[in-house]
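Undergrad: build the 3D model from these lines:
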Amino acid sequence: MILFLLLFLLLLARFFYIQATGTVHNQDLDKLAQQKHSKKGVLEANRGTIYDQNGHVLAQDANSYKLVAELKGANHVENKEDTAKKIAGVLGKDEEKILATLNKKDKSQVEFGTLGKDLTKEQKEQIEALKLPGISFITENARVYPNGDFASYVIGHAKPNEEGTSVGQFGLEKSLDKYLSASNGKVAYTGDRKGVSLDGGKVKVEAPKNGDNAYLTIDQRIQSYLEDAMKAASKHYDPESLIGIVADPKTGKILAMSSKPSYDPNDRQIKYFFNDAIANAFEPGSTMKIFTLAAAINEGVYKGQDYYQSGTYQVGNRKIKDHNGGAGWGSITFDEGVERSSNVAFAILGDQKLGPERFRKYIHSFGLDEKTNIDLPGEGSNTIVFDQQIQQVTTAFGQ
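TA: All right, here's what the predicted structure looks like:
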């Protein structure tokens, strides 16, 4: 009886000690309770959508799916060979690599890396229809480019960082990143092991902030025409590279821009990151002639009805030739020379009528020696070689 009383008093003393100090074995019970019952979650925000000028989606956030396989437990993969074969058939992936993942030892659950990542809703539904035991999916937020290989170097590409937030890597996704970026929200509450609230439904919420949307000057229809023309040219000529730009001549707005070879940003396998349309310097060709003509008219030295001898124009020991092999069209007016895009006509305008000093000032006034400051990263610097007479003359017609 006395022993029982002593034990009771010891337990009672221990109880009051715990109640007074809130600790057991130097551990704070309040903190332990908070750790056990605190529930936290992430409220995902969406990165801003990129639209063309008419509101057609060019890049947006959407659900993607990651493939998961249970190798142990009640619902596990039963026939690994058959499962690998059927999944490979849907995804168009290497069956042996999928099987190697399913054959991993000492794993209760496996993922398939890039083979089973960024799946579309259609792919998910096709695999689900196969009713393969042990196969499930994790829903993720992904950056999606609905048109695939379409103005890829203009739109660019965004991918998740370590926190899972999409960050622009290049193109407009990069240059507009501070506007497109989103901030995830948070939710926190106290709950039991099943997630049921323990404090009357009190929930702390930090709302997510979606990124701003961006509307481009790109016109999806015109871009489609350009992409088709580029593909046809690539097939016919098999060039190393192609560049195509469509601009509004009155405003300078870029309506379409493309360069080949290109890539599908949904595939994530990007090897070349430069938009050749803006990254590299190249000769303007006959587009330069309109600037030479404008300068000559503005200076009052262009006389359209004056005659000149077309065909060739001698500069030192070099001959400038018209584009028909130097045959020319005989003695013709400058107006006809402009109409025929005669190299010789523009060589004379630049060399004799304007002179190199005045012509160089116009090149600067037109901004041809400066960057355009287009809203795309990676614009290269212009190079104008204008030291020798032959360089000055060829500049007049764009070579």
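
Undergrad: avg pLDDT for the helix or strand where Glu173 lies?
TA: In this structure, Glu173 is located in helix 172-175 according to DSSP states H and E. This predicted structure assigns helix 172-175 an average pLDDT of 95.

Undergrad: show me the contact partners of it.
TA: Helix 172-175 is contacted by residues 50, 59, 143, 154-158, 168, 180, 214, 216, 375-377 when judged by C-beta atoms under 8 Å, 6 or more residues apart in numbering. Every C-beta, even on glycine, is put in place using the N, C-alpha and C of the backbone.

Undergrad: dump it to CSV, restricted to CA.
TA: Once non-C-alpha atoms are left out, helix 172-175 reads as follows in CSV (Å, rounded to 0.1, in the frame of the first residue of the first chain):
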residue,chain,number,x,y,z
LEU,A,172,11.0,36.9,-74.8
GLU,A,173,10.6,34.5,-72.0
LYS,A,174,13.9,35.9,-70.7
SER,A,175,13.7,39.6,-71.6
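
Undergrad: quick one: distance of it to the chain centre.
TA: Its chain's average C-alpha position is 7 Å from that of helix 172-175, according to C-alpha atoms, centre = their mean, to the nearest Å.

Undergrad: what's the helix or strand that that helix is followed by in contact with?
TA: Along the chain past helix 172-175, the next helix or strand (assigned with DSSP H and E) turns out to be helix 177-180. When contacts are taken as C-beta under 8 Å, 6+ apart, the neighbours of helix 177-180 outside the stretch itself are 47-48, 50, 158, 167-168, 173, 211-212, 214.

Undergrad: okay, buried residues for helix 177-180 please.
TA: Residues of helix 177-180 classed as buried by neighbour count (16 or more other C-beta atoms under 10 Å): 177, 180.

Undergrad: next: stretch 290-297.
TA: The neighbour-count criterion (16+ other C-beta under 10 Å) identifies 291-293, 295-296 as the buried residues of stretch 290-297.

Undergrad: all strands of the stretch 101-250 of the chain, in order?
TA: 109-111, 135-144, 157-160, 166-170, 185-190, 204-206, 214-215, 242-247 (DSSP state E, counting those that start in this stretch).

Undergrad: what is the mean pLDDT for the fifth one?
TA: Pointing back at strand 185-190 there. When pLDDT is averaged along strand 185-190, the result is 74.

Undergrad: ok, so of the contacts of helix 177-180, who is nearest Ala232?
TA: Ile50 (26.5 Å; C-beta to C-beta).

Undergrad: measure the closest one to Asn210 for me?
TA: Distance of Ile50 to Asn210, computed by C-beta to C-beta, to the nearest Å: 13 Å.

Undergrad: so for those two, which residue has more residues nearby?
TA: Neighbours around Ile50 and Asn210, counted as other C-beta atoms under 10 Å, are more numerous at Ile50. The numbers are 26 against 17.

Undergrad: the more buried one contacts Asp61, correct?
TA: No: using C-beta atoms under 8 Å, Ile50 and Asp61 do not qualify as a contacting pair, with a distance of 10.6 Å.
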